[in-house]
Structures are given as structure tokens and as C-alpha cells.
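A.B. asks: Provided below are the primary sequence and the corresponding predicted coordinates.
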Amino acid sequence: MHELGLMERIVALIVRDATPRGIRRVTDVSVALGAVSHVTPEAARSAFEIVSAGTICQGARLHAKPEPLEGWCPRCRATRRPDPGDLSCPRCGGAVEVPEGASGIRLLSYEGEGPEEG
Ligand SMILES: [Zn+2]
């Protein structure tokens, strides 16, 4: 259930950004799911529903897309796409270094309704 904590951070980020801009209601949220986060779009959506309740993000549509995993293999000295399950290089079998963001959820963009409405 760690997707709850990850989505909580996303919602907090949006609230912090949108509130000073006078946004009253967020309608759409786009996030990228890190390949090592093991969060599916379905899990992300239900976590979002839970953590957005009572915030300006409540009822917003969540667009969650899994990010392809890319890392650096020091043995091949090349960029590789390892299996998220074991993170080993498909070429040489060595350990691939993946970026920190691959284990989390990243906010891409969001849309909201401004104060001029209503
Ligand atoms: Zn390699």
C-alpha cells in the first residue's frame, strides 16, 4: 500500500502549487509511474481517490502512465533497459543503476478551474 504515501505527496504538491494561484478545483492530474515503484495505473487511481478526498483534488481525473525503465550499466558502460523485477543488465547480467525517480511517482501536470469562474 505504499502507493498511498506516494500519491499523498503528489496531492500535497498540487495543493501547495494551486492554492496561491486561486485554483478551487483540480479537474485533471497526470503522473508518471516509476518502473520500480511497482504501482499499477489502477492502484494509483484508487490511492488517488482516497488521498484526494476533502482536498481541491477530489473528483479529478487521474491519468497515470507507467514509465519505461532505463538505467546505466557500469560494466557495459551503456544505457540499458533492465527488467524492473531484478534490475540486471539484459546484456551482461550485471547490476544496472536506475535513477532515484524510478521508484516513485512523478507529477507531470495538472489542470484546474481558476478563481474567475463562478
Ligand atoms: Zn551490462
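C.D. replies: Great, that's in hand. Numbering: from 1, shown residues only.
A.B. asks: quick one: contacts for the nearest residue to Thr19 once chain neighbours are set aside?
C.D. replies: Nearest non-adjacent residue to Thr19, counting by Cβ to Cβ, 6 or more residues apart in numbering: Ile56, 7.5 Å away. C-beta coordinates here come from the backbone N, C-alpha and C atoms, glycine included. Contact partners of Ile56, counting by Cβ atoms under 8 Å, 6 or more residues apart in numbering, are Ile14, Val15, Ala18, Thr19, Ile23, Arg24, Arg25, Val26, Gly112.
A.B. asks: ok, Ile56 to Cys92 distance?
C.D. replies: Separation of Ile56 from Cys92 (Cβ to Cβ, to the nearest Å): 49 Å.
A.B. asks: average pLDDT across the longest helix belonging to the chain?
C.D. replies: The residue-count maximum for a helix in the chain (DSSP state H) belongs to helix 2-18. The average pLDDT within helix 2-18 is 96.
A.B. asks: around the ion, pick out the residues from the chain.
C.D. replies: Residues of the chain lying close to the ion (Cβ under 5 Å from the ion) are Cys73, Arg75, Cys76, Cys89, Arg91, Cys92, Gly94.
A.B. asks: now these: which count as buried?
C.D. replies: Buried by 16 or more other Cβ atoms under 10 Å: Cys73, Cys89, out of these.
A.B. asks: save the residues of the chain next to the ion as a markdown table, and put in pLDDT, distance to Lys65 and secondary structure too.
C.D. replies: Shown next, in a markdown table, are these (pLDDT from 0 to 100; distance: Cβ to Cβ, whole Å; DSSP: H, G, I helix; E, B strand; the rest coil):
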| residue | pLDDT | distance to Lys65 | secondary structure |
| --- | --- | --- | --- |
| Cys73 | 97 | 25 | strand |
| Arg75 | 97 | 30 | coil |
| Cys76 | 97 | 28 | coil |
| Cys89 | 96 | 25 | coil |
| Arg91 | 96 | 27 | coil |
| Cys92 | 97 | 30 | coil |
| Gly94 | 96 | 29 | coil |
